[in-house]
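In: Got a sequence here, can you build the structure:
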Amino acid sequence: MKHPARILLYALLLSLPLSLPQPRPLAAGVPPKPFGPYPAIVERVIDGDTIQTAIELWPGLVQHIHLRLLGVNAPEIHGKNIAPCEKAAGQKAKAFVERLLQGAKTIIVTQVKPDKYGGRALGRMEADGQDVSARLLKAGLAVVYNGGKREKWGCR
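Out: Numbering: from 1, shown residues only. The predicted structure follows:
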């Protein structure tokens with residue numbers, strides 16, 4: 001044998017993946033574990049319950065996401081067949097969130113998980129320790145929403 005040490009090393013490397021624990025797939029119906037907390041920067045407020053955010057996953061690793069606020073539904077601004085009064089209420093909710101986030105020294109995103117629609121995530125956002133969803137609800141600019149079919153906002 002020319003290189004017995006090299007052959008032994010190759011054999012060891014080939015057997016390594018078989019000895020490592022394999023990841024287990026999630027069981028059907030088991031929701032993914034939420035992630036966070038993450039420091040974040042607000043890039044823009046899209047509407048009363050969706051915020052374009054840069055979250056710092058790791059030092060130097062930033063992910064830009066559309067974060068749908070968990071637990072609330074605000075009136076719609078964008079889309080077809082939205083009543084003018086709903087759009088006006090949606091603009092109020094958006095302006096409220098913009099004011100709340102504008103002067104915040106710290107923005108933290110928690111409970112981040114995939115949304116049922118691709119391209120965005122669900123999560124909670126805190127501005128200087130205040131839960132943005134709770135503030136929207138208290139101001140009467142959103143309603144409680146925990147998934148499922150959303151009811152028409154209606155004019156109030």
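In: Tell me the helix or strand right after the longest helix along the chain.
Out: With secondary structure taken from DSSP state H, the chain has its longest helix at helix 84-102. Following the chain from helix 84-102 toward its C-terminal end, the next helix or strand by DSSP states H and E is strand 107-114.
In: how far out from the middle of the chain is that following strand?
Out: When C-alpha coordinates are averaged (Cα atoms, centre = their mean, to the nearest Å), strand 107-114 and its chain have centres 5 Å apart.
In: Residues touching the longest helix of the chain, excluding its own?
Out: The contact list for helix 84-102 (Cβ atoms under 8 Å, 6 or more residues apart in numbering) reads 42, 45-49, 51, 74-77, 82, 107, 127, 130, 132, 135-136, 139, 141-142, 153-156. C-betas here are computed from N, CA, C, even on glycine.
In: For this protein, which segments are assigned as helices?
Out: Taking DSSP H as the criterion, the chain carries its helices at 4-19, 84-102, 132-138.
In: Any buried residues in the longest one, and which?
Out: Right, the one you point to is helix 84-102. Neighbour counts over helix 84-102 (16 or more other Cβ atoms under 10 Å) mark Glu86, Lys87, Ala89, Gly90, Lys92, Ala93, Lys94, Phe96, Val97, Leu100, Leu101 as buried.
In: ditto for the shortest one
Out: When neighbours are counted by 16+ other Cβ under 10 Å, the buried residues of helix 132-138 are found to be Val132, Ser133, Arg135, Leu136, Leu137.
In: What is it packed up against?
Out: Using 3 or more Cβ pairs under 8 Å, 6 or more residues apart in numbering; DSSP states H and E, the elements in contact with helix 132-138 are strand 61-69, strand 72-73, helix 84-102, strand 120-127.
In: Average pLDDT for it, rounded please.
Out: Along helix 132-138, the predicted confidence averages to a pLDDT of 97.
In: any weak-confidence spans in this protein?
Out: Under the criterion of pLDDT under 70, the regions of the chain flagged as low confidence span 1-32, 151-156.
In: let's see 90
Out: 1-36, 57-60, 78-85, 103, 114-120, 146-156 (pLDDT under 90).
In: how close does Leu69 get to Gly123?
Out: The spacing between Leu69 and Gly123, counted by Cβ to Cβ, to the nearest Å, is 7 Å.
In: Compare these two (neighbour count), which wins?
Out: Between Leu69 and Gly123, counted using other Cβ atoms under 10 Å, the more crowded position is Gly123 (26 against 23).
In: Perfect, that will be all.
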